[in-house]
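Engineer: I would like the atomic coordinates for the input below:
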Amino acid sequence: MKHTRGPWHVMSNERFISDDTGICIAEAFDRGSEIPSVSDNAHLIAAAPDLLAACKFVIYSLEAQGDGNTDMAILCWAAIKKAKGE
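Structural biologist: This is a model prediction of the structure:
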């Protein structure tokens with residue numbers, strides 16, 4: 001999987017997401033007056049690399065303990081696959 005390396009940050013306009021060098025990598029949108037807001041979407045997108053790393057750490061920890069088939073592991077694997085576009 002190739003993606004822009006994290007961490008990602010929400011820029012001051014609360015719409016654009018940048019990489020660690022300040023280059024814009026994404027823009028968040030909303031659907032008019034519906035909730036969530038553009039800012040909420042931007043913060044969720046910016047958290048993606050951290051959330052992916054957390055899921056990978058949980059899987060690693062569970063497998064090291066012999067608990068790789070728990071509900072938590074299954075949820076983490078599903079999130080990782082979604083992040084990879086699988």
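Engineer: Just read off the phi/psi values of Ile25.
Structural biologist: Note on Ile25: its backbone torsions stand at phi -120, psi -10 [degrees, to the nearest 10].
Engineer: Contacts only, for it.
Structural biologist: The contact partners of Ile25, taken as Cβ atoms under 8 Å, 6 or more residues apart in numbering, are 4, 8, 17-19. Yep, even glycine has a C-beta here, placed from its N, CA and C like the rest.
Engineer: now with 6 Å?
Structural biologist: With contacts defined as Cβ atoms under 6 Å, 6 or more residues apart in numbering, the neighbours of Ile25 are 4, 17, 19.
Engineer: roughly how far apart are it and Phe16?
Structural biologist: Counting by Cβ to Cβ, to the nearest Å, the separation of Ile25 from Phe16 is 8 Å.
Engineer: before we move on, back to that, name only those of the contacts of Ile25 that count as buried.
Structural biologist: Among the contacts of Ile25, those buried by neighbour count (16 or more other Cβ atoms under 10 Å) are 17, 19.
Engineer: Now do the helices in this protein.
Structural biologist: For the chain, the helices defined by DSSP state H cover 38-46, 48-64, 71-84.
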